[in-house]
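> task: produce atomic coordinates for the following.
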Amino acid sequence: MNDLTNGFLKSEFGNSFYKELYHLKDSDNTVVLNESTGMLLVRKRLKYYDIRVFEYLKNNPHTNLARIIDFYKDNDELIVYEEFIQGMTLSEYLASDPSFSDLKKIVNEVFDAVIFIHKANPSIIHRDIKLSNIMITSDGVAKLIDFDAAKCFNPDSSKDTVLLGTEGYAAPEQYGFGSSDVRTDIYGLGKLISEVFGAQSLYERLIKKATHIDPDKRFTSVSAMKQAFNHGISMVAIPGFRNTEPIHIFKSIIGYIILIWFLFNTSFEHFSLMETRVAQVLLFGLAILWIDMFSGISPIFTKMPLTSSESSLKRLLGYLLYMLITFVVAIIFISSIIMLFRI
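Numbering: from 1, shown residues only. Down below sits the predicted model:
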């Protein structure tokens, strides 16, 4: 337990004294002054928490994260002393009409903060990434704050036991539809980018991918999302290259080489050379369509009957059905083109 003497709170960790200054608006958090260091801190009382999160953050500070200075258990609650960031929230920063390059810098620093906590073992999932949880310091550095909803990833958990997060930012799995993992924060980052740049900005495709209702169709890591943000998620719409992780790019290149070799070394009986080339090009286009269909990006196939189902089996049956339909249509189209050649 801690001792309260003449308005000062003495921590059981070391000889630090915390003087209460004021309560933060619209919260139960209190700003306190560490008399030993002169540092301003935010004191929080958490009923639901993962103590491993605060242990890691206290021992592993990062430029773009609010520091955890101290914490201790008080009965069934955790008392946390978090660095008080003097500056403005990202929401307030947006109101100051910053430049595009400044906003891009801020978002990249948020990416770096989230990448850092995801590299913890086990990964730390913030679960509440939003404008008000990003502070911009007086020298323009972004810091991710408020780890009240954070947890360590549990691969054996089928769903979150405590539903925490902010409505409008929280991913579907945070409402009991699954277990939070790194893709949960990717969803939050997608929402954040939407508010910073607008849903119809040049990052529209990135936002749609990051905030897909199905976690399997989001980015696989924040690093991949950051690369897409800075270099354009092969938002160039080339199926197979939309995920910019090197291993995916390598596999896509190999796949395209095999596909091109197969198609252009396939002969068609009774076809002239010109007719064969036309058929090969059209079949290549069909193959690209199929790749796009399974990439999960094309809005056409993800919103149609069966493929829009939450059931994996129904989606698979839907894709197979649409593959058959498009194949039949392609054969009819190729036959029609060849007949025109022969007229």
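> can you count the residues close to Gly285?
12 (other C-beta atoms under 10 Å). Every C-beta, even on glycine, is put in place using the N, C-alpha and C of the backbone.
> from Lys44, how far out is Arg218?
30 Å (C-beta to C-beta, to the nearest Å).
> again but with Asn64, I slipped
20 Å.
> then Ile325?
Distance from Ile325 to Lys44, by C-beta to C-beta: 56 Å.
> and these two? Which one has more around it.
Set Ile325 next to Lys44 and count neighbours by other C-beta under 10 Å: Lys44 wins out with 21 against 10.
> so what pairs up with the more buried one in the strands?
Val80 (DSSP bridges).
> quick one: pLDDT of it?
For Lys44, the model assigns a pLDDT of 90.
> pull the CA atoms of the one helix or strand Tyr18 maps to into CSV?
Applying DSSP states H and E as the criterion places Tyr18 in strand 17-23. Provided in CSV are the C-alpha atoms of strand 17-23 (Å, rounded to 0.1, in the frame of the first residue of the first chain):
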residue,chain,number,x,y,z
PHE,A,17,6.5,11.2,-3.8
TYR,A,18,3.6,12.0,-6.1
LYS,A,19,1.7,15.2,-5.5
GLU,A,20,-1.8,15.3,-6.9
LEU,A,21,-2.4,18.4,-9.1
TYR,A,22,-5.7,17.9,-10.9
HIS,A,23,-8.1,15.4,-12.4
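> show the subsequent helix or strand relative to it.
Past strand 17-23, the next helix or strand by DSSP H and E is strand 30-34.
> so where do the helices sit in the stretch 201-343 of the chain?
204-210, 222-231, 246-264, 273-295, 299-302, 312-342 (DSSP state H, counting those that start in this stretch).
> of all those, which one is nearest Val182?
Evaluated over the helices of the stretch 201-343 of the chain, closeness to Val182 peaks at helix 222-231, with 6.7 Å, by C-beta to C-beta.
> then that closest one to PDB, C-alphas only?
Extracted C-alpha coordinates of helix 222-231, given in PDB (Å, rounded to 0.1, in the frame of the first residue of the first chain):
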ATOM      1  CA  VAL A 222       1.900  -3.300 -39.600                       C
ATOM      2  CA  SER A 223       5.300  -3.300 -41.400                       C
ATOM      3  CA  ALA A 224       3.600  -4.400 -44.600                       C
ATOM      4  CA  MET A 225       0.900  -1.700 -44.100                       C
ATOM      5  CA  LYS A 226       3.600   1.000 -43.500                       C
ATOM      6  CA  GLN A 227       5.400   0.000 -46.700                       C
ATOM      7  CA  ALA A 228       2.100   0.200 -48.600                       C
ATOM      8  CA  PHE A 229       1.400   3.600 -47.000                       C
ATOM      9  CA  ASN A 230       4.800   5.000 -48.200                       C
ATOM     10  CA  HIS A 231       5.200   3.200 -51.500                       C
END
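> how far off centre is it?
10 Å (C-alpha atoms, centre = their mean, to the nearest Å).
> buried stuff in that helix?
Across helix 222-231, burial judged by 16 or more other C-beta atoms under 10 Å covers 222-229.
> what's the answer for stretch 47-63, then?
Buried, per 16+ other C-beta under 10 Å, within stretch 47-63: 49-50, 53-54, 56-58.
> ok, Ile68 - contacts?
By C-beta atoms under 8 Å, 6 or more residues apart in numbering, the contact set of Ile68 is 54, 57-58, 80-83, 147.
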